[in-house]
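S.K.: need a 3D model of the sequence below.
(2 chains, ligands or ions: 6)
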Number of protein chains: 2
Amino acid sequence: MKLTLLGTANASQVPVYNCQCPACARARHDTRFRRGPCSALIECGGQRWLVDSGLTDLAERFPPGSINGVLQTHYHADHVQGLLHWRWGNGMRLPVLGPDDPEGFADLYKHPGMLDFSQKLTAFQTRTFDGFSLTPLPLNHSKPTFGYLFSDGISSVAYLTDTVGLPPDTQARLQEQPLDLLVLDCSYGPLQEAPRNHNDLTRALETIGLLNVKKAVLTHVGHEFDCWLMEHGESLPANVVVGRDGDVVM
Amino acid sequence: MKLTLLGTANASQVPVYNCQCPACARARHDTRFRRGPCSALIECGGQRWLVDSGLTDLAERFPPGSINGVLQTHYHADHVQGLLHWRWGNGMRLPVLGPDDPEGFADLYKHPGMLDFSQKLTAFQTRTFDGFSLTPLPLNHSKPTFGYLFSDGISSVAYLTDTVGLPPDTQARLQEQPLDLLVLDCSYGPLQEAPRNHNDLTRALETIGLLNVKKAVLTHVGHEFDCWLMEHGESLPANVVVGRDGDVVM
Ligand SMILES: [Mn+2]
Ligand SMILES: [Mn+2]
Ligand SMILES: [Mn+2]
Ligand SMILES: [Mn+2]
Ligand SMILES: [Zn+2]
Ligand SMILES: [Zn+2]
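M.R.: Ligands and ions are numbered 1, 2, ... in the order given. This next block holds a predicted model:
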């Protein structure tokens, strides 16, 4: 199993437009620190699935035939906006699997183009593909949202964003096996109170501590968390790293 | 007055993903023939306004302070999708002027970020800016849509997309003065019947014939019209040209 982080930002991306904070200034001058819309590529057994579609250059990144489909965690703009112009492909169908969100995003359901939204995933019901399986796990967010547990019989990988903490059923399911890798929403540095829809570092570390995790990679990172990391980055636990765009984490 | 066509495609863009037609094959190999989301830049008297925001690299094209705001013709995805990720700017406001469409697009009204949608334009009511004026003109489309008549006292320029034909009031207003330039929706080559929401070449030439037009530039071009043009392009009237991305037409 191979997992590549294509984008590791929150909705604002890094650099934030017109922001002069140290993290945004650094990202503007050193492209290695730029963060695009939160998304990943999972490759296993000859299959390649995009996890979320917020990047706006998907047609260039993924020529026809190079990808099996899209796994949507949810239908917020930063996770799905790239489908708006990618959808108008000719003579092909691209499956988009995700939670059964009756709203979806903008006019995508009404004018799907090549996108096939007909297969809805069901919470906790494992789907098997050629070489790997995925289990959708409900998350705590402002829209119907799934995290995904991937398994190829050798490794188990959980990709959990956007969320603050975990619903009890999801936590219980994730405690059933050790995780070789956990990719987790951590939008903010440590905050006094838990944010409403995303983890801060305090809640992210709490969640990591509840699970049997070999390695945790934080994603959905905001520029303020990047600023915090520039000063306090060494204080993270040994098995916790902050993802960067392009990182092959598994 | 300077008018640059930033994008000249219909919603599918050219090349269409996975399309092997002659026009798409040509555009894939020769970037001069690529067409991005229909949009333009109007520059006059020190002001710079973007007309429609469907391009997905607006943050890179327009650094903070380089643009006065956005004129939306309407809120279809291909004309507005670029605002989804551009909106999260820090410490500034960017006016977005357009028709009073209660729906807008996706969650832009709910989460406007730096975008200021508070100023709605009214049909036929001229607004004056430093160095030029604009008059919103209702068009025939599936969503509330304005074309714009720009005037700097020397030249008059009409930018009319998306539309099929013209409503009588709009036609009457445009007949009040000669037009140095008309930029007009022409999504299709000549068709037997008029399409529902866009001009084909037959209807576009009809509209041009009704007005006193020095030069007409066709935009919102689909790949099938590009194919037609590859065979029949020389048959266009002498004052009618087909726009290309990047063309400075005024
Ligand atoms: Mn998000
Ligand atoms: Mn979200
Ligand atoms: Mn359009
Ligand atoms: Mn339209
Ligand atoms: Zn910043
Ligand atoms: Zn084509």
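
S.K.: residue A:246: how many residues sit nearby?
M.R.: Taking other CB atoms under 10 Å in any protein chain shown as the neighbour definition, residue A:246 ends up with a count of 14. The C-beta positions use only the backbone N, C-alpha and C, and glycine is treated the same way.

S.K.: so what's the residue in chain A positioned nearest to ligand 6 closest to, chain neighbours aside?
M.R.: Evaluated by CB to the ion, chain A has residue A:90 as its residue closest to ligand 6, separated by 6.4 Å. In space, and not counting its chain neighbours, residue A:90 is closest to residue B:19: 4.0 Å by CB to CB, 6 or more residues apart in numbering or on different chains.

S.K.: what strands line up against the helix or strand bottoming out on mean pLDDT in chain A, and which way round?
M.R.: Among the secondary structure pieces of chain A, namely its helices and strands, strand A:127-129 has the lowest mean (mean pLDDT, DSSP states H and E), a mean of 95. Sheet partners assigned to strand A:127-129 using DSSP bridges are listed as strand A:132-138 (antiparallel).

S.K.: pull out the buried positions in the strand it pairs with.
M.R.: A:132, A:134-138 (16 or more other CB atoms under 10 Å in any protein chain shown).

S.K.: residue A:105 and ligand 1: what is the separation?
M.R.: 12 Å (CB to the ion, to the nearest Å).

S.K.: please tell me I have it right and that residue contacts residue A:77.
M.R.: Yes - look at residue A:105 against residue A:77 with CB atoms under 8 Å: they come within range, at 6.8 Å.

S.K.: ok, how many other residues are close to residue A:12?
M.R.: Every residue meeting other CB under 10 Å relative to residue A:12 is counted, giving 22.

S.K.: for it, which three-state class applies?
M.R.: coil (DSSP: H, G, I helix; E, B strand; the rest coil).

S.K.: what sits against it?
M.R.: Applying CB atoms under 8 Å, 6 or more residues apart in numbering or on different chains to residue A:12 gives the contacts A:222-223, B:88.

S.K.: nearest to residue B:111, of those?
M.R.: Looking at those and their distance to residue B:111, the nearest is residue B:88, at 8.9 Å (CB to CB).

S.K.: pLDDT weak spots in chain A?
M.R.: Applying pLDDT under 70 to the predicted model, chain A contains no residue that meets it.

S.K.: those helices in it, which residues are they?
M.R.: Ranges of helices within chain A are A:22-29, A:58-61, A:77-80, A:83-86, A:168-174, A:201-210, A:223-232, based on DSSP state H.

S.K.: nearest to residue B:243, out of the ones you listed?
M.R.: Shortest distance between residue B:243 and those, using CB to CB, is found for helix A:83-86: 19.1 Å.

S.K.: excluding chain neighbours, what is closest to residue A:120?
M.R.: Leaving out its chain neighbours, the residue that sits closest to residue A:120 by CB to CB, 6+ apart is residue A:100, at 4.2 Å.

S.K.: I meant residue A:218, not that one.
M.R.: Once flanking residues are discounted, residue A:218 sits nearest to residue A:186: 3.8 Å by CB to CB, 6+ apart.

S.K.: hang on, the one you found packs against residue A:217?
M.R.: No - using CB under 8 Å as the test, residue A:186 is too far from residue A:217 to be in contact (9.4 Å).

S.K.: neighbour count for the two, which is higher?
M.R.: For residue A:186 versus residue A:217, the count of surrounding residues by other CB under 10 Å is larger for residue A:186: 30 against 24.

S.K.: need the contact list for that one.
M.R.: A:198-201, A:204, A:218-221, A:225, A:242.

S.K.: also near ligand 2: which of these, exactly?
M.R.: Near ligand 2, taking CB under 5 Å from the ion as the test, no member of these is found.

S.K.: looking at those, which are in strands?
M.R.: Within the contacts of residue A:186, residues falling in strands by DSSP state E are A:218-219, A:242.

S.K.: adding neighbour count, write those residues out as JSON lines.
M.R.: Rendered in JSON lines, the data for the ones in strands among the contacts of residue A:186 read as follows (neighbours: other CB atoms under 10 Å in any protein chain shown):
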{"residue": "A:218", "neighbour count": "25"}
{"residue": "A:219", "neighbour count": "28"}
{"residue": "A:242", "neighbour count": "18"}
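
S.K.: between those, which sits nearest residue A:126?
M.R.: For residue A:126, the closest of the ones in strands among the contacts of residue A:186 turns out to be residue A:219, at 23.4 Å, with distances computed as CB to CB.

S.K.: partners of the closest one in the sheet?
M.R.: Following DSSP bridges, residue A:219 is listed with bridge partners residue A:185.

S.K.: one step back: of the contacts of residue A:12, which is the most crowded?
M.R.: For these, counting by other CB under 10 Å, the largest number of neighbours falls to residue A:223: 25 neighbours.

S.K.: ok, it touching residue A:16?
M.R.: Yes - using CB under 8 Å, residue A:223 makes contact with residue A:16 at a distance of 5.1 Å.

S.K.: intersection of neighbour lists for these two?
M.R.: Common contacts of residue A:223 and residue A:16, defined by CB under 8 Å, 6+ apart, comprise residue A:24.

S.K.: what's the burial count for the residue lying closest to residue A:35 once chain neighbours are set aside?
M.R.: What sits nearest to residue A:35 in space, not counting adjacent residues and going by CB to CB, 6+ apart, is residue A:9, at 3.3 Å. Using other CB under 10 Å, residue A:9 has 28 other residues around it.

S.K.: identify the contacts common to residue A:105 and residue A:77.
M.R.: When contacts are counted by CB under 8 Å, 6+ apart, residue A:105 and residue A:77 have residue B:106 as shared neighbours.

S.K.: just to revisit the earlier point, next, give me the two most distant ones among the buried residues of strand A:132-138.
M.R.: Farthest-apart pair in the buried residues of strand A:132-138 is A:132 and A:138; separation 20.5 Å (CB to CB).

S.K.: in stretch A:5-23, what's buried?
M.R.: A:5-19, A:21, A:23.

S.K.: could I have it exported to CSV, CA atoms only?
M.R.: Taking only C-alpha atoms (Å, rounded to 0.1, in the frame of the first residue of the first chain), the coordinates of stretch A:5-23 have been written out as CSV:
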residue,chain,number,x,y,z
LEU,A,5,-0.3,13.3,0.7
LEU,A,6,-1.3,15.6,-2.3
GLY,A,7,-2.4,18.5,-0.1
THR,A,8,-2.2,19.1,3.6
ALA,A,9,-3.9,22.5,4.2
ASN,A,10,-7.1,23.6,5.7
ALA,A,11,-9.5,25.5,3.5
SER,A,12,-7.4,28.7,3.5
GLN,A,13,-4.3,27.0,2.1
VAL,A,14,-0.8,28.1,2.9
PRO,A,15,0.3,30.8,2.0
VAL,A,16,-3.0,32.5,2.9
TYR,A,17,-3.7,35.2,0.3
ASN,A,18,-2.5,38.6,1.6
CYS,A,19,-1.1,37.1,4.9
GLN,A,20,2.4,38.2,6.0
CYS,A,21,2.7,35.8,9.0
PRO,A,22,6.0,33.9,9.3
ALA,A,23,4.5,30.7,7.9
